[in-house]
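# I would like the atomic coordinates for the input below:
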Amino acid sequence: MAMTLLPGGLYGLSLKTMKVQSLTTCNSKLRMKGIVSTCCSTSPGTPQRYAVLGAGFAGISVAWHLLQHCSKTSPTCIEIYDEVGIGGGASGVSGGLLHPYSPKGLLLCRSTFAGKLLWNGAECWEEALKLITVAEASVISELPSGEIDSENKQHTVAEPFVWRRGILRIAATAKNVYDLKKSAQDSLSDCKISYINSFAAKELLPELVLHSDFALYMPQAVNIHPERYLKALFMACQRKARDLSAARSSGIQVSFHKRNVGSLLEFSEEYDAVIICLGAKVGLLPELVGKLPLSTCKGIVAHLELPTANREIYNNESPSILSSAWLAAQGPRKILIGATKEWGSFNTSCDVSIEEASLALKELLPKISTVYPAVKNWMVLGTRAGLRAMPPRTSLGALPLIGCIDNLVLESMQKDKLFGKRNTYSSQKVIPRYWFVGGLGSRGLIYHGLLGKLIAKAVASGNQDVLPSELTSWMLSC
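Next up, the predicted model:
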């Protein structure tokens, strides 16, 4: 059973039956509550400073898309903060399997949902692939020597981080074959779902064991190394900033700071906008304790390597696997398997104790060995954990949460002032716009491109009305 992120959370408020209103109607209600502001963006020539809190999927995507809105006449500075480094948190721990379909929709034992797209699945897929292409290009054209400051040298990428090998969904049962074939026909043209028999599946992965005569194959699905990808995307941000600066009269800068974010008050007077992309750690911010409708789920992922003495490598053309557990292939001798689920955890550390690792492997290895028995030949290198922020379910599924949260943040600051707590809040100072991107759950990779694009547009215009109402309607309950 999911638990609220912190005491006082809103998860208990039912959003399952919430009817998603039109964009105009929803944001009109938000404006009546003082949540939506229609203030104009900064006047021409005025320097713009943005703080992006969090360097995972959402944070780096936001930084990239903010660059697309830089003023031609105003200097712009985008500063990213994260205490564990770029891709060092839950985003970096994920398996990196990318496709636009609902995980539950791909469960073959529930064939009426097979091939069901996630919310805005086609656009999410397109935007995610765009960012991967951007990241790949940044590595191909490496930064010239001497142009990376000492603080950011660690973000260079030398190893592969994208594998276009497809994903195979192994069947649990063989119900309603006709519906499954129809679902395969209705899939996206640029991420097709093929209905294949056991012979075709074993052609793709000879060591595979099927317990029914069919499987679903997504040949265009992608697998990435999340941490390397995010570092490459950050490199692309830096290159983009330099190119913009060279082409314009105004300076553009993107930088990363490995620093703990203990309170939003640290950024209250320094930036024109603060975009909060901290994942599950957002619940630790004193200004937002118990105010967000999120629950937490900790997942442990195991890293395995094939000993050099073993010649039976994982072929470069063989797909990754989705079954009762998943297997993400990252080269001929490296795989990841995952993930366990521990609801209600508050442990944000990626480190895993010996006892936790042992329990996780006892759960994961048998699940994978039922479809890929050759896993017994692989050596466990270690385990890592990621704490995900999970959104509540709505009539459209579990959707991420985005929007301007000035009312939540400033209410907390004002209360602190009334109670005499030390802070830098000043009623005479123009308070920055606080924006939130969160609740991506286990779908951060598929959602991050579109969410970054949407929130950057809203931040640049100072107008929440440009955001889809289904992603901002959660604020009606705040």
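# any low-confidence regions in the stretch 1-150 of the chain?
Under the criterion pLDDT under 70, the flagged ranges of the stretch 1-150 of the chain are 1-45, 103-115, 141-150.
# gap between the two ends of stretch 191-200?
19 Å (C-alpha to C-alpha, to the nearest Å).
# buried ones in that stretch?
Under the neighbour-count criterion of 16 or more other C-beta atoms under 10 Å, stretch 191-200 has 191-196, 198 buried. To be clear about C-beta, it is placed using only N, CA and C from the backbone, and glycine gets the same treatment.
# just checking, which of those belong to helices?
The subset of the buried residues of stretch 191-200 located in helices under the criterion DSSP state H comprises residue 198.
# what residues are up against the nearest residue to residue 398 once chain neighbours are set aside?
Excluding its sequence neighbours, the residue lying closest to residue 398 (C-beta to C-beta, 6 or more residues apart in numbering) is residue 391, at 5.1 Å. For residue 391, the contact set (C-beta atoms under 8 Å, 6 or more residues apart in numbering) comprises 293-294, 398-401, 438-441, 474.
# any chance of those residues in JSON lines, plus distance to residue 263, neighbour count and pLDDT?
Below are the contacts of residue 391 laid out as JSON lines (distance: C-beta to C-beta, whole Å; neighbours: other C-beta atoms under 10 Å; pLDDT from 0 to 100):
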{"residue": "293", "distance to residue 263": "21", "neighbour count": "22", "pLDDT": "95"}
{"residue": "294", "distance to residue 263": "19", "neighbour count": "27", "pLDDT": "95"}
{"residue": "398", "distance to residue 263": "29", "neighbour count": "19", "pLDDT": "91"}
{"residue": "399", "distance to residue 263": "28", "neighbour count": "26", "pLDDT": "95"}
{"residue": "400", "distance to residue 263": "24", "neighbour count": "22", "pLDDT": "97"}
{"residue": "401", "distance to residue 263": "21", "neighbour count": "23", "pLDDT": "97"}
{"residue": "438", "distance to residue 263": "17", "neighbour count": "29", "pLDDT": "97"}
{"residue": "439", "distance to residue 263": "21", "neighbour count": "29", "pLDDT": "96"}
{"residue": "440", "distance to residue 263": "23", "neighbour count": "28", "pLDDT": "95"}
{"residue": "441", "distance to residue 263": "25", "neighbour count": "19", "pLDDT": "93"}
{"residue": "474", "distance to residue 263": "23", "neighbour count": "25", "pLDDT": "93"}
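# Looking at those residues, which one is closest to residue 377?
Taking C-beta to C-beta as the measure, residue 377 lies nearest residue 441 of these, at 32.9 Å.
# And the pLDDT at the residue nearest to that closest one when sequence neighbours are not counted?
Excluding the flanking residues, the one nearest residue 441 by C-beta to C-beta, 6+ apart is residue 390, at 4.6 Å. On pLDDT, residue 390 comes in at 96.
# What is the burial count for residue 122?
14 (other C-beta atoms under 10 Å).
# Regarding residue 84, which helix or strand does it belong to?
If you go by DSSP states H and E, residue 84 is not part of any helix or strand.
# burial count for it?
Per other C-beta under 10 Å, the neighbour tally for residue 84 reads 17.
# Surely it touches residue 350?
Yes - counting by C-beta atoms under 8 Å, residue 84 does reach residue 350; the two are 7.3 Å apart.
# And the residue nearest to residue 398, its phi and psi?
Per-residue torsions, residue 391: phi -80, psi 160 (degrees, to the nearest 10).
# now it: how far from residue 443?
According to C-beta to C-beta, to the nearest Å, residue 391 and residue 443 sit 10 Å apart.
# Assign a three-state SS to residue 381, would you?
Secondary structure assignment for residue 381 (DSSP: H, G, I helix; E, B strand; the rest coil): strand.
# Look up the closest residue to it, ignoring the ones flanking it.
Take residue 381 and drop its neighbours on the chain: the residue closest to it by C-beta to C-beta, 6+ apart is residue 303, 4.5 Å away.
# What does the one you found show for phi and psi?
Note on residue 303: backbone dihedrals following degrees, to the nearest 10 are phi -100, psi 130.
# give me every residue that touches it.
334, 336, 380-384.
# are any of the residues you listed buried, and which?
Buried subset of these (neighbour count, 16+ other C-beta under 10 Å): 334, 336, 383-384.
# Please list the members of those that lie in strands.
334, 336, 383-384 (DSSP state E).
# Next, the buried residues of stretch 65-74.
65-67, 70-71, 74.
# what distance separates that stretch from the centre of its chain?
23 Å (C-alpha atoms, centre = their mean, to the nearest Å).
# Can you tell me what sits against that stretch?
Contacts for stretch 65-74 (C-beta under 8 Å, 6+ apart): 42, 44-48, 50, 52, 76, 78, 237, 240-241, 244, 248-250, 252, 254, 452-453, 455-457, 459-460.
# Can you flag the buried ones in those?
42, 48, 50, 52, 76, 78, 237, 240-241, 244, 248, 250, 252, 254, 452-453, 455-457, 459-460.
# List the ones among the residues you listed that fall in strands.
Those of those lying in strands (DSSP E): 48, 50, 52, 76, 78, 252, 254.
# Pick the one among the residues you listed closest to residue 132.
residue 254 (18.8 Å).
# Give the bridge partners for the closest one, please.
Following DSSP bridges, residue 254 is listed with bridge partners residue 78.
# Isn't it up against residue 78?
Yes - proximity of residue 254 to residue 78 meets the contact threshold set by C-beta under 8 Å, at 4.7 Å.
# Return every residue with contacts to both of the two.
By C-beta under 8 Å, 6+ apart, the residues touching both residue 254 and residue 78 are 63, 67, 237, 241.
# quick one: the third one and residue 67, what's the gap?
It refers to residue 237. In terms of C-beta to C-beta, residue 237 sits 6 Å off from residue 67.
# can you list residues touching both of these two?
With C-beta under 8 Å, 6+ apart as the test, residue 237 and residue 67 both reach 78, 254.
# Which parts of this structure are helices?
For the chain, the helices defined by DSSP H cover 23-32, 57-67, 90-93, 121-140, 177-185, 198-204, 226-247, 354-369, 406-418, 444-461, 469-472.
# do you know which of these lies nearest residue 100?
helix 121-140 (3.8 Å).
# quick one on the thing from earlier: TSV for the buried ones among the contacts of residue 303, including pLDDT and distance to residue 359?
Putting the buried ones among the contacts of residue 303 into TSV (pLDDT from 0 to 100; distance: C-beta to C-beta, whole Å) gives the following:
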residue	pLDDT	distance to residue 359
334	94	23
336	97	18
383	97	10
384	97	15
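# Columns distance to residue 271 on top of those residues, output as JSON lines?
Formatted as JSON lines, the buried ones among the contacts of residue 303 follow (distance: C-beta to C-beta, whole Å):
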{"residue": "334", "distance to residue 271": "40"}
{"residue": "336", "distance to residue 271": "36"}
{"residue": "383", "distance to residue 271": "37"}
{"residue": "384", "distance to residue 271": "32"}
